[in-house]
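[1] Next one to model:
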Amino acid sequence: MTEQLLDKVDDHYIPDANLLITEDDTPVDNFPSAKQQRLLVSSLYSDSELQPCLIEANVGIYHTDGEPAIVPDVFISFDVQTPEEWWKKQNRCYMVWKFGKSPELVMEIVSNQEGEELTKKLKIYERMKVNYYLVYDPNQELGEDQLHIYQLVGRHYAKTSETWLSDINLGVTFWEGEFEGRNDIWLRWCDQQGMVIPTGDERAAREKLEKEEAQRRAQEAENRAQLLAQKLRELGVDPDTI
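    Coordinates of the predicted model:
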């Protein structure tokens, strides 16, 4: 958030949402980016241990009065929630002056060399004081690194190779597997041990397997007990009296 915006908020001036373009119906995503966004968003919303937060994809962030919104591919903002009357124009996007803070993390997914992810956008997020800025470049359009991670140090970003984002208690890792019928290498959230945070479907599938395994073990134990009882009867011992 810039000093200009802070001054206006202190003076109780709130920009008129009716003058803002909160959506223009322009298609901006491609298939892989859209699917990657859904994976990142859905897995965090399925994590019951995560502190309350707002996780969204392709939602505009208005950060400074008089400037257009910036639209990150994914952002996370902790300790806030979607307004109840979200169809009202002033509630449709993330307006920093309404939420009282910038998001803690933003991510851009690179699909070409025209997005200015490492130049213009980086400077905007830096001015907004977003704690972490991640640039995921799966096709290496911007250089050799597939993942660029920046952490705010003082007033400026410092690039880091640390994938555990300690300020928000969340990590990122690459994972090979299937999501929505597509096998690929995906960028996933993870815990400090590097274990991916599962989606709701993955949690349900895991719980189903665990339940089936518990039932199988219980049935095996019952079968062994019945076999032992039969052996005891053959020896003239009543198993019910033991």
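
[2] Contact partners for E141?
    110-113 (Cβ atoms under 8 Å, 6 or more residues apart in numbering). (C-beta placed from N, C-alpha, C; glycine too.)

[3] now N183
    176-177.

[4] how much space between A221 and A214?
    11 Å (Cβ to Cβ, to the nearest Å).

[5] Could you do R92 as well?
    46 Å.

[6] When these two are compared, which one has more neighbours?
    It is R92, of R92 and A214, that has more neighbours when counted by other Cβ atoms under 10 Å, with 17 against 10.

[7] I would like the residues contacting the host helix or strand of K35, please.
    Remark: K35 resides in helix 31-45, with elements defined by DSSP states H and E. Outside helix 31-45, the residues within contact range by Cβ under 8 Å, 6+ apart are 29, 50, 53, 55-58, 73-74, 76, 107, 109, 111, 136, 138, 179-180, 182, 184, 186-189, 196-200, 202.

[8] now do stretch 193-206
    39, 42-47, 171, 173, 175, 179, 188-191.

[9] Name only those of those that count as buried.
    The neighbour count (16 or more other Cβ atoms under 10 Å) marks 39, 42-44, 46-47, 171, 173, 175, 179, 188-190 as buried among the contacts of stretch 193-206.

[10] picking that back up, so of the contacts of helix 31-45, which ones are in helices?
    200, 202 (DSSP state H).

[11] In PyMOL, how would I select just the buried ones from the contacts of helix 31-45?
    Per 16+ other Cβ under 10 Å, the buried members of the contacts of helix 31-45 correspond to this PyMOL selection:
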select buried, resi 50+53+55+56+57+58+73+74+76+107+109+111+136+138+179+186+187+188+189+196+197+198+199+202
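
[12] Could you tell me which of the contacts of helix 31-45 are located in strands?
    Among the contacts of helix 31-45, DSSP state E puts 53, 55-56, 74, 76, 107, 109, 136, 179, 182, 184, 186-189 in strands.

[13] Now stretch 79-88: buried residues?
    Per 16+ other Cβ under 10 Å, stretch 79-88 contains no buried residues.

[14] What's the mean pLDDT across it?
    Stretch 79-88 shows a mean pLDDT of 77 in the predicted model.

[15] repeat for stretch 116-126
    Mean predicted lDDT for stretch 116-126 stands at 97.

[16] show me what contacts Y157?
    Per Cβ under 8 Å, 6+ apart, neighbours of Y157: 122, 125-126, 133, 150-151.

[17] Got a quick ChimeraX command for the buried subset of the residues you listed?
    This is how ChimeraX selects the buried members of these, with burial counted by 16+ other Cβ under 10 Å:
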select :122,125,133,150,151
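
[18] Among the contacts of Y157, which lie within helices?
    Those of the contacts of Y157 mapping onto helices are 122, 125-126, per DSSP H.

[19] could those go into CSV alongside distance to P68?
    CSV is the format used below for these (distance: Cβ to Cβ, whole Å):
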residue, distance to P68
L122, 17
Y125, 15
E126, 17
